[in-house]
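Trainee: model this:
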Amino acid sequence: MAEVVEFRVPTGSAQTLLVWGLEPEPGLEHSLFSAFSKFGLLYSVRAHRNAAVAGPGYYAVIKFYSAGDASRAQRTCNGQRLFQKSPLKVCVCTKQNGFQQQVLALNSNKCQELANHYLGFNGWSSCIVTLQNVSDLDGENEELGKTLQKRSVKYLCAVEVTLPNHGVRTRGVALGEADVENGEDPLEFVTASRRVQRLAVGKALSSAFQKIVLIVLENGKVAVEYRSSQEEPTDSLTEEELKGLVQVNELSLEQFDLEEEVLSDLSFDDELASREN
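Mentor: Model prediction:
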């Protein structure tokens, strides 16, 4: 049976494993990651100390992107010792009826990791179409400019993602913004601008991936489905039209809630601005 994998934080119970009977040891999460990543790409591994009533030891919650990978891992690892002396208990999490989790778009680093896993490093490429400073378009800084003690920095970015083997091209547009507490300090302003540029690029890349759905077939091959709303025109605009886009309110920039971008892991110059696969 084919399985759908989206560029969103996995929330399904079938994608989540509960592991208990864990013995305390240094690097426990690393050991778990090494053991379970053999079955497929992992979104997260989190180990927790047992509640007092449960006795000593630890349990872990492991999230896969693929329910099929999680099922294989459960069947193989349940009752096995793996990296410790006593056997582990592994089960697929029980669905919680009546509880609906918020759907979050993956941040840009996770999107790239997922794309590399299923499409291959040479199976996709990305480039920045436009990156514009739109800080003064709304007049906000003019009102605050009397003292320059606090300024708002905003950058609008459009990123294009191409899947050449599937004939798919999609674009994402996003806004990055931050306040500069001391607008008179040139170094602080430049540092904030750089940070906001990275944030805008990361959010735009994630936005582009939200229109791509991966269909993982039983034989391991991957098909791609393109999804986009009629309300968003970015994919049909020419590069010149995108570069000329300065009115932020013309686009729906917050279609998806986004898990937090880790700015230290984002690479603006080396990875996205000139990335060619």
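Trainee: Longest helix in this protein, please.
Mentor: The longest helix of the chain (DSSP state H) is helix 186-209.
Trainee: And it, what's buried?
Mentor: By 16 or more other Cβ atoms under 10 Å, the buried positions in helix 186-209 come out as 189, 192-193, 195-209. C-beta coordinates here come from the backbone N, C-alpha and C atoms, glycine included.
Trainee: what helix or strand is residue 172 on?
Mentor: Using DSSP states H and E, residue 172 sits in strand 168-180.
Trainee: Can I get that strand in PDB? Just the C-alpha atoms.
Mentor: C-alpha atoms of strand 168-180 as PDB (Å, rounded to 0.1, in the frame of the first residue of the first chain):
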ATOM      1  CA  VAL A 168       7.600  19.900 -10.400                       C
ATOM      2  CA  ARG A 169       8.500  23.500  -9.600                       C
ATOM      3  CA  THR A 170       7.000  25.300  -6.700                       C
ATOM      4  CA  ARG A 171       7.600  28.600  -4.900                       C
ATOM      5  CA  GLY A 172       7.300  29.800  -1.300                       C
ATOM      6  CA  VAL A 173       7.100  33.400  -0.100                       C
ATOM      7  CA  ALA A 174       7.600  34.400   3.500                       C
ATOM      8  CA  LEU A 175       8.200  37.400   5.700                       C
ATOM      9  CA  GLY A 176      10.900  37.600   8.300                       C
ATOM     10  CA  GLU A 177      10.900  40.300  10.900                       C
ATOM     11  CA  ALA A 178      12.500  41.400  14.200                       C
ATOM     12  CA  ASP A 179      12.900  44.400  16.300                       C
ATOM     13  CA  VAL A 180      16.200  46.200  16.800                       C
END
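Trainee: the inter-axis angle of that strand versus helix 186-209?
Mentor: Strand 168-180 and helix 186-209 are oriented at 150 degrees to each other (axes from the mean of the first three to the mean of the last three Cα atoms, to 10 degrees).
Trainee: packing partners for strand 168-180?
Mentor: strand 151-163, helix 186-209, strand 222-226 (3 or more Cβ pairs under 8 Å, 6 or more residues apart in numbering; DSSP states H and E).
Trainee: Dump these into TSV; add mean pLDDT and distance to residue 32 as well.
Mentor: As requested, those are arranged in TSV below (pLDDT from 0 to 100; distance: least, Cβ to Cβ, whole Å):
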stretch	mean pLDDT	distance to residue 32
strand 151-163	91	32
helix 186-209	92	27
strand 222-226	95	26
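Trainee: what's the closest of the ones you listed to residue 88?
Mentor: Across the helices and strands packed on strand 168-180, residue 88 has its closest neighbour in strand 222-226 (30.8 Å, Cβ to Cβ).
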